[in-house]
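The following comprises the amino acid sequence and a computationally predicted model.
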Amino acid sequence: MMIEQNPEFFMRKAIALSRENVKQGGGPFAAIIVKDGKVIAEASNSVTRDNDPTAHAEINAIRQACRELNTYDLSGCSIFTTCEPCPMCLGAIYWARLDRIYYGNNKTDAAEIGFDDAFIYQELNIPLNERIISMVNLLPEEAGEAFRDWELKEDKVTY
Ligand SMILES: [Zn+2]
């Protein structure tokens, strides 16, 4: 696992990007993905610009890095994010298998300026039927057909 020689350099770059994004009317978040000391992707939050609630800086950067490297696996990469990732981005970072997360602000800092994701973390500990957004289990037998298809498929690309 490679450790960046000068992590402050990349974090400062991400911070500059986040400040620029505020000037442009976006949220105060940016993220940079680095591999072998090289910037692979850099992105800021574009939720309001793109009308996309999933367009957090980390998600945008992961999509860009995967396109750039033509892979769904970002092993060997680090992400520099100006704020501790929310549950969605943290999940995406794990799915993308990044090696390391550098973060600037923490989630308490974010909550203090109105970006509170603590309720999502809390939801994870609550039974499905007691959550804010109701979850209804429907047609599990029929849905399971695709799982059985997958299990039987011999030439599948596992990930
Ligand atoms: Zn996020």
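Cool, got the structure. Residues are numbered from 1 along each chain as shown.

The helix ranked longest in the chain: how far from the chain's middle?
As assigned by DSSP state H, the longest helix anywhere in the chain is helix 7-23. Distance of helix 7-23 from the chain centroid (C-alpha atoms, centre = their mean, to the nearest Å) equals 17 Å.

So which elements touch that helix?
If you count contacts as 3 or more C-beta pairs under 8 Å, 6 or more residues apart in numbering; DSSP states H and E, helix 7-23 packs onto strand 30-35, strand 38-44, strand 77-83, strand 100-105. (C-beta placed from N, C-alpha, C; glycine too.)

and the ion, which of those strands is closest to it?
When those are compared by C-beta to the ion, strand 77-83 sits nearest the ion, at 8.2 Å.

Please enumerate residues in contact with the helix or strand following the closest one?
On the C-terminal side of strand 77-83, the closest following helix or strand by DSSP states H and E is helix 87-96. With contact meaning C-beta atoms under 8 Å, 6 or more residues apart in numbering, helix 87-96 is reached by 54, 56-59, 62, 65-66, 72-74, 77, 79, 81, 85, 101, 117, 120-121, 124.

Helix 87-96 to strand 77-83, inter-axis angle?
170 degrees (axes from the mean of the first three to the mean of the last three C-alpha atoms, to 10 degrees).

pLDDT averaged over helix 87-96 - what is it?
Here helix 87-96 scores 97 as its mean pLDDT.

Name the residues of the protein found near the ion, please.
56, 86, 88-89 (C-beta under 5 Å from the ion).

out of those, which are buried?
56, 86, 89 (16 or more other C-beta atoms under 10 Å).

For Ser134, which three-state class applies?
coil (DSSP: H, G, I helix; E, B strand; the rest coil).

ok, it to the ion distance?
23 Å (C-beta to the ion, to the nearest Å).

What's the separation between that residue and Gly91?
21 Å (C-beta to C-beta, to the nearest Å).

Please apply the same query to Ile120.
With C-beta to C-beta as the criterion, Ile120 and Gly91 are 10 Å apart.

tell me the centre residue of this protein?
By C-alpha atoms, centre = their mean, the chain has its centre lying nearest to Cys89, at 2.6 Å.

Just give the nearest non-adjacent residue to Arg49, would you?
Gly26 (5.8 Å; C-beta to C-beta, 6 or more residues apart in numbering).
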